[in-house]
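1. Below are the sequence and a predicted model for it; my questions follow.
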Amino acid sequence: MPVKFFRKMLLLPLFFLSIIFLSGCSYKLIPISSVSSKIAIPIFSNQTFKYGLEETLTDSIIKEFISDGRFQVVGEKEADVILRGEIVQYLKETPSKVTTTLEENRIRIEVLVSLVSKKEEKTLKERKIEEVFAYSSSEVGGIQTEDEAVEEACQEIAEKLIDAVTWDLGFATI
């Protein structure tokens, strides 16, 4: 009987040490597919009346991919996949007037994107991404101009897009 007791007593510290050791593990993103991480992002086409929107959006997306670090942004000749996009809607809305001095405006941007495999010359995924961004035209802090709102909305779209592409290319949390 004392031998069994001592064995159990020896296993208890090992159990606690393993819990402590395993709790130190963290999540990390690693590629689980054979898809390389070289991506080309040509300038998006703009089917709206908003001049320069395609440049603002494409720049935001490229900066987001570069800062994320999981993808190497390259030209189309070196790329394994190409991210193509088309801005299909830009709306400026004035939904409500809260007071005579505070007016809330909204912009809505809708983008169709496709992820194309250069090697197989086929579309891997297509997705619609939409962002609605509210801003105030008052003089009280925050986003005050339509152009500032457009930049913020483009940044939000870039963040959504990198998440979508990351999962579409087979990256997973382990």
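-> Right, received. Where do you want to start?

2. for the record, mean pLDDT for the longest strand belonging to the chain?
-> Ranked by number of residues, the top strand in the chain under DSSP state E is strand 81-97. Strand 81-97 shows a mean pLDDT of 86.

3. Give the other helices and strands that it contacts.
-> Secondary-structure packing of strand 81-97 (3 or more C-beta pairs under 8 Å, 6 or more residues apart in numbering; DSSP states H and E): strand 38-40, strand 45-46, helix 53-68, strand 103-117, helix 146-168. Yep, even glycine has a C-beta here, placed from its N, CA and C like the rest.

4. Looking at these, spot the one closest to residue 136.
-> Comparing the helices and strands packed on strand 81-97 by their distance to residue 136 (C-beta to C-beta), the top pick is strand 103-117, with 5.8 Å.

5. Pull out the buried residues from the longest strand of the chain.
-> The neighbour-count check on strand 81-97 (16 or more other C-beta atoms under 10 Å) flags 81-85, 87, 90 as buried.

6. Partner strands of it, with direction?
-> strand 38-40 (parallel), strand 45-46 (parallel), strand 103-117 (antiparallel) (DSSP bridges).

7. would you turn those strands into a markdown table with mean pLDDT, distance to residue 149 and mean neighbour count?
-> Output for these, formatted as a markdown table (pLDDT from 0 to 100; distance: least, C-beta to C-beta, whole Å; neighbours: other C-beta atoms under 10 Å):
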| stretch | mean pLDDT | distance to residue 149 | mean neighbour count |
| --- | --- | --- | --- |
| strand 38-40 | 93 | 27 | 19 |
| strand 45-46 | 96 | 17 | 17 |
| strand 103-117 | 90 | 5 | 18 |
